[in-house]
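**Q** Build me a model:
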Amino acid sequence: IARELHDLVGHHLTALSLNLEVAGHLVVNEDASDHVTRARNTAKQLLSDVREVVSELRDDEGIQLTDALRDLTEGVPGLEVHLELPPRFAVGDSRRAQVLLRCTQEIITNAVRHARARNLWLRFEEGEGGKLMLKASDDGRGAIEFKPGNGLNGMRERLAEVGGKLAIQTQRNHGFVLEASLPTEHAV
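**A** Predicted coordinates:
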């Protein structure tokens with residue numbers, strides 16, 4: 001439950017908080033109105049996501065990830081997300097698809113909240129031996145000493161539950177690089 005709350009709700013609450021913070025610093029004018037509208041839209045998206053999760057739990061066909069990933073990465077305040085994925089990227093096993101989506105949410109949240117990145121590059125591919133790969137890097141501030149928090153620990157746990165692994169590299173002023181890999185349902 002803690003991972004679901006952190007990964008699902010945390011992503012949208014971060015976006016909501018950023019928009020509301022911006023709106024709070026602006027004089028009441030048209031610009032402020034736009035930011036408040038964005039915040040309201042984000043809250044609506046959160047409700048939509050909760051409904052989607054409930055529906056996906058009942059769906060045994062897996063998840064078409066192309067649209068889900070594009071929806072997730074569009075319109076993140078202050079962050080340009082560069083998404084690279086195979087055409088019609090789908091994962092037959094809904095559990096593995098959920099792991100990829102939650103990992104992506106965590107990466108986006110961390111790029112905004114902790115790295116203060118302006119750009120995030122996300123690449124999804126099928127690697128050797130039938131592995132699904134998520135490669136992420138940002139142009140954020142990086143870190144000299146890195147200690148994973150609840151989000152990254154949750155990501156590592158999620159990946160381990162489906163036979164996956166997480167590798168992280170960071171260096172001060174050189175951003176953050178992350179690689180997540182997990183076997184496809186056929187490779188297990």
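**Q** Helix, strand, or coil at L152?
**A** Here L152 is recorded as helix under DSSP: H, G, I helix; E, B strand; the rest coil.
**Q** For it, which residues are in contact?
**A** When contacts are counted by CB atoms under 8 Å, 6 or more residues apart in numbering, L152 touches 106, 110, 166, 168. Bear in mind the C-beta positions are built from the backbone N, C-alpha and C, glycine included.
**Q** what's the answer for Q171, then?
**A** Q171 neighbours (CB under 8 Å, 6+ apart): 142-144.
**Q** can you rerun that using 10 Å?
**A** Residues counted as contacts of Q171 (CB atoms under 10 Å, 6 or more residues apart in numbering) are 142-144, 146, 177.
**Q** Can you tell me the SS state at the residue nearest to I144 when sequence neighbours are not counted?
**A** Nearest residue to I144, sequence neighbours excluded (CB to CB, 6 or more residues apart in numbering): R172, at 4.6 Å. Classification of R172 by three-state DSSP places it in coil.
**Q** before we move on, back to that, out of the contacts of Q171, what pair is the most spread apart?
**A** Using CB to CB, the two most remote members of the contacts of Q171 are I144 and V177, lying 15.2 Å apart.
**Q** Looking at those two, which one has more neighbours?
**A** Between I144 and V177, counting by other CB atoms under 10 Å, V177 is the more crowded of the two (16 against 8).
**Q** I am assuming the more buried one contacts F146, so please confirm or correct that.
**A** No - look at V177 against F146 with CB atoms under 10 Å: they stay out of range, at 11.3 Å.
**Q** Mind listing the shared neighbours of these two?
**A** 168-171.
**Q** quick revisit: pull the contacting residues for the residue nearest to I144.
**A** R172 makes contacts with 141-146, as judged by CB under 10 Å, 6+ apart.
**Q** So which of those residues wins on neighbours?
**A** Greatest neighbour count in the contacts of R172, by other CB under 10 Å, goes to G142: 18 neighbours.
**Q** Go over the secondary structure and confirm that residue is in a helix.
**A** No - counting by three-state DSSP, G142 is not found in a helix; it is coil.
**Q** re the thing from before, tell me which two in the contacts of R172 are the farthest apart.
**A** Within the contacts of R172, two members stand farthest from each other by CB to CB: R141 and E145, at 13.1 Å.
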